[in-house]
Each structure stands twice: as structure tokens, then as C-alpha cells.
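*Asks:* Pasting the sequence and the predicted coordinates here, then a few questions.
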Amino acid sequence: MYHRRHHLAMLAAAVLAGTAGTAAAQETVKIGVILPMTGQQASTGRQIDAAIKLWVARNGNKVAGKTVEILVKDDQSIPDQTRRLAQELVVQDKVVALAGFGITPSAMAVAPIATQSKTPMVVMAAATSAITGASPYVVRTSFTLPQAAVGMAEWANKNGIKKTVTLVADYGPGFDAEKFFADRVTLNGGQVLDKLRTPLRAPDFAPVLQKVRDAKPDALFVFLPSGQGAAFMKQFAERGLDKAGIRLIATGDVTDDDQLNAMGDVALGVVNAHHYSAAHPSALNKKFVADFEAANKFRPNFMAVGGYDGMRVIYKALEASKGAGGDALLAGMKGQIFESPRGQVLIDAQTRDVVHDMYIRKVEKKDGQLWNIEFDAIKAMKDPGKS
Ligand code: VNL
């Protein structure tokens, strides 16, 4: 069934290629973007949608002589919805690429569809290491939790933090963060006293924070998905943990630029590891942040950059494939190297995962606003989750 359709599509493409160039100019190529535009992860959808719009505003909607049409669908972070929408986009809309994916379970739900239909899927948000292994058509422009967790662990070991407790969201990226942080600090002679988890949906931080207080570690290491950082920080301060001599260290998801400014002084001094800060001091990023803020009246976070870079990867691949999808499009995505608002990025041709600098940052106040200020980096870091 699939092969027949594929052959027909190839035939149609061959016929079109033989006709005049004017026909090609009227052709459209569709990209299907699935994001949580409502529900608990709505800020992730809002950020990525805004970044995609900025990409198109800056680069136009013509690629390889064809008109790009972007279809954005709201999956509410419900994996069954993500799967249904992906199916529709592939079968009915005949998109050449799928993109978006706010959370790991949504990306995982779509991977088999990408494989069966040979549709490249660009993961712009979800960050569990294993996602790129779920289909040979997955390409990632976000980051991986093992990158951030190992970056944070290395810093902790070098900075006198001996006893730690971990606290993570109870699903894929949380398991990665917990394991890769714990393995690395232990390898370097540190100790993990306790490993705590909170549910992805409607977490209550009070009971786990009480456990942290009782365990009295030097530091608490935290991963929570984008959108939960502000609520966590509020509770951390309310329970007096900031005053109890327990240092907070985290992946940058917790000190997310989307919410950071509203967190208040409790966030000051929090050291964290991540691939993107809106304060990244490059000319390219300064322009990116200024243009993004002018268009949206809010600050771009790491989700926005994953979305923006994902569009870059798709556009350049479409140029290389002359607008074709399938394996030609996938080939054009592999091995791309470019300067992103985050810094240098490579899409590893072997793993299809993102290689970038993992920055160590500290939350500081500058001109009355809170920022993640980068002060150290592990250069060109591959995903430690791939052996
Ligand atoms: C995931 C990872 C989601 C990191 C996130 O925010 C995040 C995921 C929504 O893989 O589900 O910050």
C-alpha cells in the first residue's frame, strides 16, 4: 500500500519536474507543526509558535521556488491527540515534514508514523535522550536532559558540593536528568542522599521539599519541565529552603526565561546548566531577542530557540532537496552546522541529535531584570545518553 502511494508520488514529482518553472512556483510545500497551544504546556506552544512566525517574517515563505505553508495544530500535550493530528497531517495534508512536540510522550507517539511514512520529524521541544532512537526520521533541535544534567553535575563536583538530593518530574526527561546527574556526581566522588519525583500533571512540591529539608544536603538538583519553575521557586522560598543553607542547582528548564523575571529574589544566585539564555552575549542573539520581543512583548526562552532553529533546519534541507520530502529531505537535515541564537549548532549526521555548548549560568539582576548569565561552558557537547 505504502509503496504504491510512494511510487505514485514519485511519478507525479517526475512529471512536475518536466513542466515549466512557473508551475513549480505555484506549488506549495506543507509543514505540519504540532504544539501544546492550550493546557499545561501552553507556554511552550506559545513560544515555539512565535519563533516560527519570526523565522518566516525574516526569511519569507518561498523555498526552492515553492510556497511554504505551515499548519499549526494544538495537541494539548495529549499523546493520543498528537498521534491523531500527525496521521491527518501526513495522510490528508501531505506535509513533507512534521515538527514541534512539546513533551516526550507526544514525540514518542508520532515516531512510528514518521518511520512508516518516511516523514522527517523535527523535535523542537521534547528532550528525553531516547527520542532520536525511536525513529530514523527524528531530527532534534532542542537539547537533551543528559547534556544539561551532566553539565550541572560536573560543576557541582568542582565547587565543593558533596551531598545532593535530586528532584525531577516523574517521566522520561526526569528519569534522564536524575540518572545522568546521579551517575556523574557519584563517579566524581559525590553522594546522592535521596531521589525524589513529582508528577508531570499538577505537581505538589510541599511534601518533597519537606523531605529535602530533613535530608539536609549541600544542594538540591532539580529538573522540571518548562512552565513549572515559577511555582516551584515560590514553594522553595515559602518553605524557607533558600534560608536553610541548601543550595539550589538545576537544569535551565527551572530558571526558564519565560518565567524568570516573575520569580523574584529567590532565584538570584541559582546556578544552572542549559543550552540557551536570552542573555547569551552574541550579536546574533541580541538581534534575535530584540526582534522577538518587539513582535511578541515577551522574552524568548529555550523553546523559542528550538523552534527557530528547527525552521532553519527544515528550510535549508528543503533547499537541498529542491522541495522534495522523504529521504532527500532527511539527508538535507543531517550534518547541518550553523550559528543559532544559542551559539554554534551541529545536527550530528549519525545520531540526528543536536550538538551544542552546554553553558553554566547564574541568575543575576541586570537593569532591574533577572537573567541567566553564562559564566562557563562545556563546548560542543554531544548527548551523553548515546553510547
Ligand atoms: C520536556 C523536556 C518538556 C524539557 C519540557 O517542557 C522541558 C520533555 C515542556 O521532553 O517532555 O522543559
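*Replies:* Cool, got the structure.
*Asks:* Flag every residue of this protein that's near the ligand.
*Replies:* Counting by CB under 6 Å from any ligand atom, the positions of the chain adjacent to the ligand are 41, 44, 102-104, 125-128, 172-173, 225-227, 253. All C-beta atoms are positioned from the backbone trio N, CA, C, and that covers glycine.
*Asks:* Going along the chain, name the helices of the chain.
*Replies:* Taking DSSP state H as the test, the helices found in the chain are 2-18, 21-26, 42-59, 79-91, 104-117, 145-158, 172-187, 206-215, 229-238, 283-296, 302-321, 326-333.
*Asks:* What mean pLDDT does the first one get?
*Replies:* The pLDDT scores in helix 2-18 average 48.
*Asks:* cool, and the longest one?
*Replies:* Model confidence over helix 302-321, given as mean pLDDT, is 99.
*Asks:* From the contact counts, what lies against it?
*Replies:* In terms of contacts (3 or more CB pairs under 8 Å, 6 or more residues apart in numbering; DSSP states H and E), helix 302-321 is packed against helix 42-59, strand 62-63, strand 66-74, strand 97-100, strand 121-123, helix 283-296, helix 326-333, strand 337-340.
*Asks:* mind putting the ones you listed in JSON lines, mean neighbour count and mean pLDDT included?
*Replies:* Output for the helices and strands packed on helix 302-321, formatted as JSON lines (neighbours: other CB atoms under 10 Å; pLDDT from 0 to 100):
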{"stretch": "helix 42-59", "mean neighbour count": "21", "mean pLDDT": "98"}
{"stretch": "strand 62-63", "mean neighbour count": "16", "mean pLDDT": "97"}
{"stretch": "strand 66-74", "mean neighbour count": "17", "mean pLDDT": "98"}
{"stretch": "strand 97-100", "mean neighbour count": "29", "mean pLDDT": "99"}
{"stretch": "strand 121-123", "mean neighbour count": "29", "mean pLDDT": "99"}
{"stretch": "helix 283-296", "mean neighbour count": "15", "mean pLDDT": "98"}
{"stretch": "helix 326-333", "mean neighbour count": "19", "mean pLDDT": "98"}
{"stretch": "strand 337-340", "mean neighbour count": "14", "mean pLDDT": "98"}
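*Asks:* do you know how far Val355 is from Asp383?
*Replies:* The gap separating Val355 from Asp383 is 8 Å, by CB to CB, to the nearest Å.
*Asks:* who's more crowded, the two?
*Replies:* Asp383 (23 against 17; other CB atoms under 10 Å).
*Asks:* that older thread, what's the closest of the helices and strands packed on helix 302-321 to Gln235?
*Replies:* helix 42-59 (18.7 Å; CB to CB).
*Asks:* Who are the packing partners of the closest one?
*Replies:* strand 28-35, strand 66-74, helix 283-296, helix 302-321.
*Asks:* Swap in 10 Å and give it another go.
*Replies:* In terms of contacts (3 or more CB pairs under 10 Å, 6 or more residues apart in numbering; DSSP states H and E), helix 42-59 is packed against strand 28-35, strand 66-74, strand 97-100, helix 283-296, helix 302-321.
*Asks:* Output the ones you listed in JSON lines; the columns should cover distance to Pro199.
*Replies:* As requested, the helices and strands packed on helix 42-59 are exported to JSON lines (distance: least, CB to CB, whole Å):
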{"stretch": "strand 28-35", "distance to Pro199": "22"}
{"stretch": "strand 66-74", "distance to Pro199": "22"}
{"stretch": "strand 97-100", "distance to Pro199": "23"}
{"stretch": "helix 283-296", "distance to Pro199": "30"}
{"stretch": "helix 302-321", "distance to Pro199": "21"}
